[in-house]
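> need coordinates for the following:
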Amino acid sequence: MREHGFTLIELTVIVIVLSVVVGIVARGLSDTPARTRQIALVGTLASLRKAIDVYGHEHGVFPGLISAVPPKGTCRVGLEGTGIGWPDGKGVTEAFNQQLTSYTTSGGGACSVGGDPFLYGPYFRNVDLPENPITGSNAITIVGDGDLYMKSDARPARGWKYDVLTGRLIADDPKYDHL
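Numbers count the residues shown, from 1 in each chain. Here you go, the predicted model:
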């Protein structure tokens, strides 16, 4: 009577096949965190771009271009905007953030409390700009070049790059200019 079992050749083939399968699965899993961050980047860009587009549609200019300081005495309750707008260095970043995250007047003035004349917004509910999921930075570089095909020139990569004239927002990382 013959005993049943595997031959050495059959066992070798099984081990090779299992090794190939494990290699394929491991390679797919090792790529997962990078792919997840890229998907998060696409989602974050979409949210921010939508907020910028809605602001631009309602105000006729993109956030950060004009002052976020409201007309005197109109923001009676809450915090009023302080950002001066383009091309003032720090003031443009403040104006951009305040105009996206606060209630605004038709002229761009920002207040943390809504009601007449602060009838627009907020367009983005976070107090701060979200972090770029790839770089972990929420720093923003604001330019006024009017370039619809703006590219990142950041070395090292940073958070975001934004053009106040076109409303274009990109990840400030040359590897992700295509998004």
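> tally of neighbours for the residue nearest to residue 117 when sequence neighbours are not counted?
Among residues not flanking residue 117 along the chain, residue 105 sits closest, at 4.7 Å (CB to CB, 6 or more residues apart in numbering). Quick note: C-beta positions are derived from backbone N, CA and C, even for glycine. The burial metric for residue 105, expressed as a neighbour count using other CB atoms under 10 Å, is 21.
> sec struct for the nearest residue to residue 108 once chain neighbours are set aside, please.
Here the nearest residue to residue 108 in space, its sequence neighbours aside, is residue 66; by CB to CB, 6+ apart that works out to 4.3 Å. In three-state terms, and counting by DSSP: H, G, I helix; E, B strand; the rest coil, residue 66 is coil.
> wait, residue 66 touches residue 87, no?
No. Counting by CB atoms under 8 Å, residue 66 stays clear of residue 87, with 11.5 Å between them.
> who's more crowded, those two?
Neighbours per residue, other CB under 10 Å: of residue 66 and residue 87, the larger number sits with residue 66, 21 against 12.
> spit out the contact partners of that one.
Residue 66 makes contacts with 59, 85-86, 95, 107-108, as judged by CB atoms under 8 Å, 6 or more residues apart in numbering.
> from residue 171, how far out is it?
Remark: distance between residue 66 and residue 171 (CB to CB, to the nearest Å) = 25 Å.
> residue 47 now?
Distance of residue 47 to residue 171, computed by CB to CB: 13 Å.
> next, the buried residues of the helix or strand harbouring residue 44.
Secondary structure assigned from DSSP states H and E places residue 44 in helix 32-59. Neighbour-count burial for helix 32-59, counted by 16 or more other CB atoms under 10 Å, picks out 38, 41, 44-45, 48, 51-52, 55-56, 59.
> tell me the two of those residues that are most distant?
Using CB to CB, the pair of the buried residues of helix 32-59 lying farthest apart is 38 and 59, separated by 31.7 Å.
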